[in-house]
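Undergrad: take a look and give me a structure for this.
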Amino acid sequence: MDLTIIIPTFNREKYLKRSLDYWSDKAVSVIVADGSNLPFFKNDLEAPKNITYFHMKEGFIDRLNFVKQKIKTKYCVLLGDDEFFIPSALFSAIGELDKGDCIACTGQSISFWAGKQPNWFSENQEILSHVIYPERLSLSISDNCPNNRLLNHMKNYSPIGIYSVMRTSTWAKIITLISEREFNAYGSFEIQFEMAISYFGKIKILDELIWFRSAESKTIQGTDKSLDASKTFKEFWLNKINFQERDAFVNIVCNGFLTKNTNSDDLYKLIEKAIDLYLNFMESKKTHLLIRMRNRFFYSMPAFFRALVKRIFLIKGRGRPINQVIDELKLSGVRVDSEEVLRIKNFLSQFHFVEDTERKKSNQ
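TA: Reported below is the predicted structural model:
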């Protein structure tokens, strides 16, 4: 495939090793942008042939800005160091991009982790899963008007663009735009990216499983200004103290959108409206405090009582064996590469139930 997978990482050696083991025999190029304290490879010769590794003690955005110059393929896609794409679905995405009707393409997603599935008397270790971003089955970013695409995307927000397959030239253009300045607001990078990609062109969403998103550990936080979860984007946007920062944030996006046929004042108002729609949508998605308290109490109960409650009240729980989730996706009309899903499941089982045990023994 004429595709490069870009994997940023920071101090997560075991997940990076797993990711490189998976991609090392695939027909794709991989670029690792490692900001860890210590390098993963001692020298370039240790890396598999299809993997280019850069160790840079730079921030997340600076690393992406650096590697954009190193991509030699026509297409690229961003991937977390603990996550997986299904190669055949990536190929399908490239096929859509080759048609020329869209500038980015993605598909359906599931979350995964190693957990315990309770039965009546015990808990069995399994790879558990659930569908994430189910709204993508009916979502479309296909309006011919850039303004409408942007506003429709932000008022029904889902991180569609940032993990989509796209032309390398498009990805590099957006990274150049965003890297002009980093803001002290969690997720500001993602928000700018999503606004840019939806404004620049249409995004195709396939009815095909493409992304295994990890829920095994916490996301990397606190390494950069834009990755500090204590500084929410809502606080950044609504706090009057941040007026100058907010103005700079909007102007950077404006400058990226500006053409001979657009007006900067109109663009400024458009971006403000898009962000207001985003914040309203995110506010409507918040889980009520009492529901969170109920969930916390439920999952603190012993396995037997949880299983009993689930059977009585027919509660599905927050995770089910991955095979069940895949079967339900198929019934809903989503195409699934069953052979590759099985490979990934076995890969994860080996990692969690065999290698993890060995790692724990070696650390004792």
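Undergrad: show residues contacting the helix or strand containing Ile6.
TA: Secondary structure from DSSP states H and E places Ile6 in strand 3-9. Outside strand 3-9, the residues that touch it by Cβ atoms under 8 Å, 6 or more residues apart in numbering are 15-16, 19, 23, 28-36, 40, 60, 63-64, 67, 71-81, 85, 90, 94, 165, 168. Any C-beta I mention is one placed from the backbone N, CA and C, and that applies to glycine too.
Undergrad: could you do stretch 265-274 as well?
TA: Contacts for stretch 265-274 (Cβ under 8 Å, 6+ apart): 147, 150-151, 154, 195, 250-251, 253-254, 257-258.
Undergrad: what's the answer for stretch 64-79, then?
TA: Residues contacting stretch 64-79 (Cβ under 8 Å, 6+ apart): 1-8, 19, 29, 31, 33, 52, 54, 56, 58, 85, 90, 93-94, 97, 162-168, 171-172, 175-176, 179.
Undergrad: recalculate using a threshold of 6 Å.
TA: 2-7, 29, 31, 33, 94, 163, 165, 168, 171-172, 175, 179 (Cβ atoms under 6 Å, 6 or more residues apart in numbering).
Undergrad: which of these count as buried?
TA: Buried subset of these (neighbour count, 16 or more other Cβ atoms under 10 Å): 3-7, 29, 31, 33, 94, 163, 165, 168, 171-172, 175, 179.
Undergrad: from those, which is closest to Leu331?
TA: Closest approach to Leu331 among these (Cβ to Cβ): Tyr163, at 24.9 Å.
Undergrad: which SS class is that closest one?
TA: coil (DSSP: H, G, I helix; E, B strand; the rest coil).
Undergrad: which stretches of the protein form helices?
TA: For the chain, the helices defined by DSSP state H occupy 13-23, 60-67, 87-99, 146-155, 168-178, 188-200, 233-238, 243-257, 264-284, 289-298, 303-313, 322-331, 338-349, 356-363.
Undergrad: for the stretch 151-300 of the chain, which spans come out with low pLDDT?
TA: 286-300 (pLDDT under 70).
Undergrad: between helix 87-99 and whichever strand in the chain runs longest, find me the angle.
TA: When the chain is parsed with DSSP state E, its longest strand is strand 104-118. Interaxial angle of strand 104-118 relative to helix 87-99 (axes from the mean of the first three to the mean of the last three Cα atoms, to 10 degrees): 160 degrees.
Undergrad: please save the CA atoms from strand 104-118 in CSV.
TA: C-alpha atoms of strand 104-118 as CSV (Å, rounded to 0.1, in the frame of the first residue of the first chain):
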residue,chain,number,x,y,z
ALA,A,104,-10.3,11.8,4.0
CYS,A,105,-11.8,8.4,4.7
THR,A,106,-12.4,6.3,7.8
GLY,A,107,-14.8,3.6,9.0
GLN,A,108,-16.3,2.0,12.1
SER,A,109,-14.6,1.5,15.4
ILE,A,110,-14.5,-0.7,18.5
SER,A,111,-12.8,-0.2,21.8
PHE,A,112,-10.9,-3.1,23.5
TRP,A,113,-9.2,-4.0,26.7
ALA,A,114,-8.3,-7.1,28.8
GLY,A,115,-10.8,-7.7,31.5
LYS,A,116,-12.9,-10.1,33.5
GLN,A,117,-16.3,-11.2,32.2
PRO,A,118,-18.3,-12.4,35.3
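Undergrad: would you mark the buried spots in it?
TA: 104-115, 117-118.
Undergrad: end-to-end on stretch 114-127?
TA: End-to-end distance for stretch 114-127: 5 Å, by Cα to Cα, to the nearest Å.
Undergrad: now stretch 39-54
TA: Using Cα to Cα, the span of stretch 39-54 from its first residue to its last is 9 Å.
Undergrad: quick one: low-confidence ranges for the stretch 1-150 of the chain?
TA: 44-45, 116-124.
Undergrad: what do you get if the cut-off is 50, keeping everything else the same?
TA: Applying pLDDT under 50 to the stretch 1-150 of the chain flags the ranges 120-122.
Undergrad: ok, the longest strand of the chain: who's next to it in the sheet?
TA: Here strand 104-118 has these sheet partners by DSSP bridges: strand 123-132 (antiparallel), strand 165-167 (antiparallel), strand 203-214 (parallel).
Undergrad: now do the longest one against helix 322-331, angle only.
TA: The one in question is strand 203-214. Using the same axes, to 10 degrees: strand 203-214 against helix 322-331 is 170 degrees.
Undergrad: how many other residues sit next to Phe203?
TA: Not quite, residue 203 is Ile, not Phe. 23 (other Cβ atoms under 10 Å).
Undergrad: tell me the spacing between it and Lys14.
TA: 33 Å (Cβ to Cβ, to the nearest Å).
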